[in-house]
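>>> Kindly return the folded structure for what I paste below:
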Amino acid sequence: MENVAGIVGMAVTLQYHINNMRESEKQLKEMAKTFKAIVSDNIPQVVFNGDCRKRLPGHVSVSFPNRDGEALLHLLDLKEICVSMGAACNSRSTEVSHVLRTIGLPVDVAKGTLRVTFGHGNTVHDAETVANTLVALLMKI
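Got it, this is the predicted structure:
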């Protein structure tokens, strides 16, 4: 027997997201822009990876040369902020991602890379909180 209620629910959700796609994209880009502005204004050697236009909205790959990305990941987790290391296709590993090596990041930069992705449930205030927390942690360590 088919799950008719599930199929209808999925169709309604899909239609909602199609209707709101442009607005969602705008909000996600604003969150990423806010995050990047705060971090780049406070951390001089920050490296933002990837093309600034050809990317998923709300996605930021950021590297901090000569920093330990895994330590930053755990410190942010203690503050209840979830980020990942490296590239999405390698999210369960703490090794330097083959994607980061392929785009030419030196090992000392790649090891300090975090992937921050904002989503539908996030706000610009969340982006500010993540960025300010990350800056504070980087200033301490």
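
>>> For the chain, which segments count as helices?
Secondary structure of the chain (DSSP state H): helices located at 4-19, 21-42, 69-78, 98-102, 107-110, 124-140.

>>> got TSV for those, with mean pLDDT and mean neighbour count too?
Placement of C-beta: from N, CA and C, glycine included. Shown next, in TSV, are those (pLDDT from 0 to 100; neighbours: other CB atoms under 10 Å):
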stretch	mean pLDDT	mean neighbour count
helix 4-19	94	10
helix 21-42	96	16
helix 69-78	95	15
helix 98-102	84	15
helix 107-110	89	16
helix 124-140	97	16
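
>>> Local confidence estimate at the residue nearest to the spatial centre of the chain?
Central residue of the chain (CA atoms, centre = their mean): Val116, 1.5 Å from the mean position. pLDDT recorded at Val116 is 96.

>>> and it, what is it in contact with?
Contact analysis of Val116 by CB atoms under 8 Å, 6 or more residues apart in numbering lists Phe35, His59, Val60, Ser61, Val62, Val83, Val130.

>>> bridging residues for it?
Val60 (DSSP bridges).

>>> Renumber starting at 24 from here on
Yes, from this point I'll number from 24; that puts the last item at Val139.

>>> And it, how close does it get to His82?
In this view, Val139 and His82 are 8 Å apart by CB to CB, to the nearest Å.

>>> quick one on the thing from earlier: export the helices of the chain as JSON lines, with columns for distance to Lys77.
Below are the helices of the chain laid out as JSON lines (distance: least, CB to CB, whole Å):
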{"stretch": "helix 27-42", "distance to Lys77": "22"}
{"stretch": "helix 44-65", "distance to Lys77": "13"}
{"stretch": "helix 92-101", "distance to Lys77": "24"}
{"stretch": "helix 121-125", "distance to Lys77": "15"}
{"stretch": "helix 130-133", "distance to Lys77": "20"}
{"stretch": "helix 147-163", "distance to Lys77": "21"}
